[in-house]
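*Asks:* quick one, structure for this:
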Amino acid sequence: MQDFTMRYPLTLTHILERSAKLFAAKSIASCMPEGVHRYRYADLHGRVHRLAHGLARLGIQRGDRVGTLCWNSYRHLELYFGVPCFGGVLHTLNLRLSKDQLIYIINHAQDRLIFVDSSLWPTLKEIKRALPDNCRFVVIKDEQSASKAETNMDYEELLSTSSDDLFAWPTLDEFTPAAMCYTSGTTGNSKGVIYTHRGVFLHSLALSMTDGFGLCERDTILQAIPMFHANGWGIPYAAFLNGAGIVFSGRSLQPADIARLIEDEKVTFTAGVPTLWMGLHNLLQTQRYNLSTLRTIFCAGAALPAQLIESYEKNFGIRFLLGWGMTETTPIATVNTLKRALDRLPEKDRYNVLARHGMPLPGIEVRIVDDNMHELPWDGLTMGELQVRGAWITNGYYNDKRTEQAFTDGWFRTGDVATIDPEGYMQIMDRTKDLVKSGGEWIPSVELENAIMAHPDVVEAAIVAVSHPKWQERPLAVVVPAPGKTTSILQREINDMLASRFPKWWLPDDIVFIDALPKTSVGKFNKRALRERFRDYRLPL
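*Replies:* Numbering: from 1, shown residues only. Next comes the predicted model:
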């Protein structure tokens with residue numbers, strides 16, 4: 001039969017125009033050096049059209065990569081829509097990467113234009129000669145920054161000299177590239193991932209579902225995730241799609257900054273990596289903030305102890321949603337919402353389920369496989385490599401030979417080791433490179449780390465493999481103690497606690513106490529740096 005459905009492309013242009021029309025008065029607040037900037041969806045809409053006229057004047061063509069080196073702000077959101085709706089490819093640059101990595105990424109993507117916050121201009125200025133010859137720069141000033149950097153165009157000047165007329169958006173195929181982001185891996189050069197209009201649109205719809213993030217027009221969403229990190233986890237697009245109030249954190253990511261923003265702006269939803277919420281939890285033990293409006297925190301990037309989830313729920317009335325994703329998955333692929341039948345579980349078991357990384361969102365499939373690519377059972381015990389496919393999963397890296405190694409039979413090989421229980425809840429056990437191989441048997445670090453961090457006198461903890469003359473590798477626990485705690489007593493308590501929960505051969509051979517764990521550019525524990533630091537560490541025999 002004939003297809004009777006309209007050919008209506010799923011593009012970001014639809015999200016921009018629909019939301020600005022239906023939710024014109026909704027607020028967008030941004031933490032700026034000079035104070036909180038506020039304006040409406042309608043204001044953003046007009047400025048995005050001016051931006052598009054400006055891009056045309058600068059000679060940007062369809063498919064050109066346009067970089068951003070920016071903090072979280074309303075201007076960055078304007079670029080989130082203006083560049084892809086124009087037909088360009090938004091390339092968010094990680095402002096915490098090394099100079100060598102920035103040079104590699106900008107050259108590999110062949111950025112034609114880069115928008116840069118004036119406070120970050122010195123970073124680009126220092127590497128400017130190593131960037132493509134045809135790459136131009138637009139500086140986004142704030143009131144506390146220096147004037148226009150050298151001869152580069154100023155962002156506000158670009159908009160103020162552009163036409164007031166609505167820009168005639170091109171008709172884009174929904175598979176047109178909308179954005180690109182490079183992985184923040186700690187080994188080798190970063191890999192470029194392309195996000196299509198269709199993928200971002202479907203990802204936004206999935207996040208909006210009740211069993212996703214449950215976003216709606218009544219929400220006020222705090223964008224604490226850096227917008228350079230996998231499109232800010234897709235939250236800016238999903239927020240705008242729903243007409244929610246949006247609050248941008250700017251450079252303010254300390255626990256006190258987050259608590260104050262939640263209180264002042266009456267935030268209902270936010271998201272971030274575990275280290276952020278551990279820090280906030282520690283703050284709330286000694287200082288009082290009114291967080292009563294906050295209904296949900298979404299957490300991904302690493303595991304989170306069940307005890308922390310329980311504490312937030314019982315002490316502050318805040319629901320935690322755990323999930324999992326990667327740059328390659330646009331990025332959210334799983335979210336943990338409790339099935340109705342599991343409400344009857346004993347309290348301890350219920351929180352243990354909530355500490356898993358959840359079920360795949362509609363449009364996503366997951367499986368675990370062994371070394372021979374045989375699919376493994378969903379029994380909650382068997383560990384295997386996690387593989388994923390779906391409507392917003394990349395099908396290859398941009399101009400990179402490593403694509404062949406990362407995909408098999410249409411599945412993306414994540415490099416994560418996971419279990420999946422009979423209900424479909426997935427739990428990340430480790431990265432394949434972080435597993436400890438002791439006497440031929442694998443020891444997953446995540447469960448040990450979660451157990452150690454559940455101790456009230458532990459701030460952070462990580463498990464790394466160190467060499468052993470008999471067993472090849474053994475686990476070493478690296479722990480950050482709470483201030484003023486006696487480490488000898490804490491070490492004994494941790495050992496006793498682990499011995500009561502895990503097989504003897506899993507237990508760390510030693511515990512080392514340090515002041516702080518190293519972090520990656522996106523706030524995760526940097527296991528590579530720890531392995532290097534303790535490479536020659538001698539375990540007690």
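
*Asks:* so for stretch 525-539, what gets flagged as buried?
*Replies:* Neighbour-count burial for stretch 525-539 flags 525, 526, 527, 528, 530, 531, 534, 539 (criterion: 16 or more other C-beta atoms under 10 Å). For glycine as for every other residue, the C-beta is placed from the backbone atoms N, C-alpha and C.

*Asks:* assign the last one to helix, strand or coil.
*Replies:* Assigned with DSSP: H, G, I helix; E, B strand; the rest coil, residue 539 falls in the coil class.

*Asks:* and the next helix or strand past the longest helix seen in the chain?
*Replies:* What stands out as the longest helix in the chain, according to DSSP state H, is helix 41-57. Next in sequence after helix 41-57, counting helices and strands by DSSP states H and E, comes strand 65-69.

*Asks:* for that next one, name the packing helices and strands.
*Replies:* Judged by 3 or more C-beta pairs under 8 Å, 6 or more residues apart in numbering; DSSP states H and E, strand 65-69 is in contact with helix 74-86, strand 89-92, helix 99-109, strand 111-117.

*Asks:* now with 10 Å, please.
*Replies:* Where contact means 3 or more C-beta pairs under 10 Å, 6 or more residues apart in numbering; DSSP states H and E, strand 65-69 is packed against helix 74-86, strand 89-92, helix 99-109, strand 111-117, helix 121-127, strand 136-140, strand 177-182.

*Asks:* relative to residue 493, which of the ones you listed is closest?
*Replies:* Comparison of the helices and strands packed on strand 65-69 against residue 493 by C-beta to C-beta identifies helix 99-109 as nearest, at 40.5 Å.

*Asks:* how about the closest one, which residues are buried there?
*Replies:* Here helix 99-109 shows 101, 102, 103, 104, 105, 106, 108, 109 as buried, counting by 16+ other C-beta under 10 Å.

*Asks:* just the closest of the residues you listed to residue 137, please.
*Replies:* Nearest to residue 137 among those, with distances taken as C-beta to C-beta, is residue 106, at 11.1 Å.

*Asks:* thought that closest one was touching residue 69?
*Replies:* Yes. Contact between residue 106 and residue 69 holds when scored by C-beta atoms under 10 Å: they sit 9.4 Å apart.

*Asks:* how about the longest helix of the chain: buried residues?
*Replies:* By 16+ other C-beta under 10 Å, the buried positions in helix 41-57 come out as 41, 44, 45, 47, 48, 49, 50, 51, 52, 53, 54, 55.

*Asks:* report the contact partners of the first one.
*Replies:* Yep, that's residue 41 we're talking about. 16, 19-28, 240, 243, 245-246 (C-beta atoms under 10 Å, 6 or more residues apart in numbering).

*Asks:* what subset of the residues you listed is buried?
*Replies:* 16, 19, 20, 23, 26, 28, 240, 243, 245, 246.

*Asks:* give me the common contacts of residue 106 and residue 69.
*Replies:* With C-beta under 10 Å, 6+ apart as the test, residue 106 and residue 69 both reach 91, 93, 114, 124.

*Asks:* CSV for those residues, including pLDDT, distance to residue 264 and neighbour count?
*Replies:* Listed next are these as CSV, based on pLDDT from 0 to 100; distance: C-beta to C-beta, whole Å; neighbours: other C-beta atoms under 10 Å:
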residue, pLDDT, distance to residue 264, neighbour count
91, 98, 33, 27
93, 97, 30, 25
114, 98, 33, 23
124, 95, 33, 22
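
*Asks:* now, the most widely separated pair of those residues?
*Replies:* Top of the distance list for the shared contacts of residue 106 and residue 69 (C-beta to C-beta): 91 and 124, 13.4 Å.

*Asks:* joint contacts of those two?
*Replies:* With C-beta under 10 Å, 6+ apart as the test, residue 91 and residue 124 both reach 67, 69, 106, 114.

*Asks:* list just the nearest of those residues to residue 372.
*Replies:* residue 106 (40.2 Å).

*Asks:* what separation do you get for the closest one and residue 292?
*Replies:* Distance, residue 106 to residue 292, by C-beta to C-beta, to the nearest Å: 44 Å.

*Asks:* how about residue 447?
*Replies:* To residue 292, residue 447 is 34 Å away according to C-beta to C-beta.

*Asks:* tell me where the stretch 101-250 of the chain has strands.
*Replies:* Assigned by DSSP state E, counting those that start in this stretch, the strands in the stretch 101-250 of the chain fall at 111-117, 136-140, 153-154, 177-182, 192-196, 220-223, 245-248.

*Asks:* ok, of these, where does mean pLDDT dip lowest?
*Replies:* For the strands of the stretch 101-250 of the chain, mean pLDDT drops lowest on strand 153-154, to a mean of 93.

*Asks:* outside of that one, which residues touch it?
*Replies:* By C-beta under 10 Å, 6+ apart, strand 153-154 touches 54, 57-58, 113, 115, 118, 136-141, 147-148, 160-161.

*Asks:* what of stretch 14-22?
*Replies:* Counting by C-beta under 10 Å, 6+ apart, 8, 11, 26, 40-46, 48-49, 80-82, 84-85, 166, 169, 174, 197, 200-201, 204, 217, 237-244 sit against stretch 14-22.

*Asks:* of all the shared contacts of residue 91 and residue 124, which two lie farthest apart?
*Replies:* Distances among those were taken as C-beta to C-beta; the most separated pair is 69 and 106, at 9.4 Å.

*Asks:* let me see the contact set for the most centrally placed residue in the chain.
*Replies:* By C-alpha atoms, centre = their mean, the chain has its centre lying nearest to residue 233, at 4.9 Å. Residue 233 sits next to 203, 207, 213, 223-227, 271-273, 298, 300-301, 323, 325, 330-332 when contact means C-beta under 10 Å, 6+ apart.

*Asks:* how close does it get to residue 323?
*Replies:* Separation of residue 233 from residue 323 (C-beta to C-beta): 9 Å.

*Asks:* same question for residue 513.
*Replies:* Distance, residue 513 to residue 323, by C-beta to C-beta: 31 Å.

*Asks:* please apply the same query to residue 284.
*Replies:* Applying C-beta to C-beta to residue 284 and residue 323 gives a distance of 23 Å.

*Asks:* again with residue 480
*Replies:* Distance from residue 480 to residue 323, by C-beta to C-beta: 25 Å.

*Asks:* who has more neighbours out of those two?
*Replies:* Taking neighbours as other C-beta atoms under 10 Å, residue 480 and residue 323 compare with residue 323 leading, 26 against 16.

*Asks:* quickly list what residue 67 is bridged to.
*Replies:* Beta-bridge pairing of residue 67 under DSSP bridges involves residue 91, residue 114.

*Asks:* so who does it touch?
*Replies:* Counting by C-beta under 10 Å, 6+ apart, residue 67 touches 79, 83, 89-93, 102, 105-106, 109, 111-116, 124, 131, 135, 137, 180, 228.

*Asks:* now residue 297
*Replies:* 222, 224, 262, 267, 269-272, 276-277, 280, 291, 304, 309, 312, 316, 318-322.

*Asks:* do that again at 8 Å, thanks
*Replies:* Residue 297 is in contact with 269, 270, 271, 272, 277, 312, 318, 319, 320, 321, counting by C-beta atoms under 8 Å, 6 or more residues apart in numbering.

*Asks:* now do residue 337
*Replies:* With contact set as C-beta under 8 Å, 6+ apart, residue 337 has these partners: 211, 321, 358, 359.

*Asks:* quick one: it is in a helix?
*Replies:* No. Residue 337 sits outside any helix when classified using three-state DSSP, being coil.

*Asks:* hmm, back to that, which one of the buried residues of helix 99-109 is nearest residue 391?
*Replies:* Out of the buried residues of helix 99-109, the member with the shortest distance to residue 391 (by C-beta to C-beta) is residue 109, at 24.3 Å.

*Asks:* could you confirm residue 475 falls within a strand?
*Replies:* Yes. Per three-state DSSP, residue 475 lies within a strand segment.

*Asks:* shouldn't residue 478 be in contact with residue 512?
*Replies:* Yes. Residue 478 is in contact with residue 512 according to C-beta atoms under 8 Å; the separation is 5.2 Å.

*Asks:* cool, thanks, talk later.
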